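[1] Okay, here's the prediction I keep looking at, along with the sequence it came from:
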Amino acid sequence: MLRPSLTHEQFQTFVLEQLKRHYFSKGEIIPILFNQQELAKVWVTDLSKLRPLIQKQYSHRGRPAKDPLSKDPLCLFRSLLLMHFIGETSIDKWVTKMRAFPLWAIYSGFSPDEVPGAATFYDFQRRLWLNERPYQTYKIRKARRKPKRGTKKGEKAPLQKPGIVQRLVGHFMKHPGDPSKYPYYLLQQILKSCFVLPSAQKGLLGDLENLSVSGDGTSVRTGASRYGKPTCECMKNRVYRCSCPRRFSDPDASWGWDS
């Protein structure tokens, strides 16, 4: 069960008080100046609309947390944003950084003495993903072949199935599906309520009556390998190119140029 979250104004007041206590009073201003871009991002990002969106993912019974800030979904989400801003990909390392450098805990909205553990962040991530499994596909499947490249440098790879895009669009137009059943639906709602609509209200998106929106398959870097890990005993029998099922650390990832 969650306690009431801090408003954005209360978060800004909290940051100022903590910076005065842990840095200004000691004359340590360089860390703040060196990370002023990260401070500016969280300072202007109002996450107040996040709580009603994620409230239903928590139980309405039970005992509230002792420290309301340690498990505040707004602080957890803000902390994950900061983690992305500085290029950190490991939650365990991020928790260690917040405990070693109070600045990151303060920017997240946590008291330096009450930084939540990595398990709290993992639990929060599971609440954001509306699916029982972390992936949409199974972890064991056949190995993938290396995609063919274009004949010239900078040229797109040849199409394996010509006309596949037209067939996919036609199928989607007939069967659009229910977006609320998608695992990433909650993330889309957060993006809309906390970032897109506020940007539109401040005029950052220009004239909404003449707004053109286009979408593309943006490539996302992943640490997974397209070869997977063998689940068979073929390697012991000196069979190095088998077609047995393999285990993938990121089965939803795809590989290829402009995939």
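    Yep, that arrived.

[2] what about the nearest residue to residue 124 once chain neighbours are set aside, which helix or strand?
    Nearest residue to residue 124 in three dimensions, chain neighbours excluded: residue 76, at 4.6 Å (Cβ to Cβ, 6 or more residues apart in numbering). C-beta coordinates here come from the backbone N, C-alpha and C atoms, glycine included. In this structure, residue 76 is located in helix 73-85 according to DSSP states H and E.

[3] Give me the next element, helix or strand, following that helix.
    Next helix or strand after helix 73-85 toward the C-terminus (DSSP H and E): helix 91-100.

[4] Identify all contacting residues around the helix or strand following that next one.
    Counting by DSSP H and E, the next helix or strand C-terminal to helix 91-100 is helix 102-108. Contact partners of helix 102-108, identified using Cβ atoms under 8 Å, 6 or more residues apart in numbering, comprise 14-15, 18-19, 22-23, 31-32, 35, 38-39, 42, 75-76, 78-79, 82, 86, 94, 97-99, 111-112, 115.

[5] quick one, helices of the stretch 101-250 of the chain?
    Along the stretch 101-250 of the chain, the segments classed as helices by DSSP state H, counting those that start in this stretch run 102-108, 118-128, 164-174, 185-191, 197-201.

[6] Redo those as TSV? Include mean pLDDT.
    Formatted as TSV, these follow (pLDDT from 0 to 100):
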stretch	mean pLDDT
helix 102-108	95
helix 118-128	93
helix 164-174	90
helix 185-191	94
helix 197-201	93
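
[7] Check the contacts of helix 102-108 for burial and list the buried ones.
    With neighbours counted using 16 or more other Cβ atoms under 10 Å, the contacts of helix 102-108 contain these buried positions: 14-15, 18-19, 22-23, 32, 35, 38-39, 42, 75-76, 78-79, 82, 94, 97-98, 112, 115.

[8] just to revisit the earlier point, going by contacts, tell me the helices and strands next to the helix holding residue 76.
    Here helix 73-85 touches helix 36-44, helix 50-54, helix 91-100, helix 102-108, helix 118-128, going by 3 or more Cβ pairs under 8 Å, 6 or more residues apart in numbering; DSSP states H and E.

[9] Only the C-alpha atoms, please, for the fourth one, written as CSV.
    It refers to helix 102-108. Presented in CSV, the C-alpha positions along helix 102-108 are these (Å, rounded to 0.1, in the frame of the first residue of the first chain):
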residue,chain,number,x,y,z
PRO,A,102,24.1,11.3,-2.5
LEU,A,103,23.6,13.7,-5.4
TRP,A,104,21.9,11.0,-7.5
ALA,A,105,19.6,9.9,-4.7
ILE,A,106,18.6,13.6,-4.1
TYR,A,107,17.9,14.2,-7.8
SER,A,108,15.7,11.0,-7.7
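
[10] who touches the helix or strand harbouring residue 10?
    For residue 10, the element it lies in under DSSP H and E is helix 8-22. Applying Cβ under 8 Å, 6+ apart, the contact partners of helix 8-22 are 6, 28, 32, 39, 42-43, 46-48, 74, 102-103, 106-107, 109, 111-112.

[11] Recalculate using a threshold of 6 Å.
    46, 48, 102, 106, 109 (Cβ atoms under 6 Å, 6 or more residues apart in numbering).

[12] quick check, the second one in a helix?
    No - remark: residue 48 does not belong to a helix; assigned using DSSP: H, G, I helix; E, B strand; the rest coil, it is coil.

[13] give me every residue that touches it.
    Here residue 48 is in contact with residue 8 (Cβ under 6 Å, 6+ apart).

[14] What's the separation between it and residue 186?
    Separation of residue 48 from residue 186 (Cβ to Cβ, to the nearest Å): 16 Å.

[15] cool, the fourth one as well?
    Between residue 106 and residue 186 the distance is 27 Å, computed by Cβ to Cβ.
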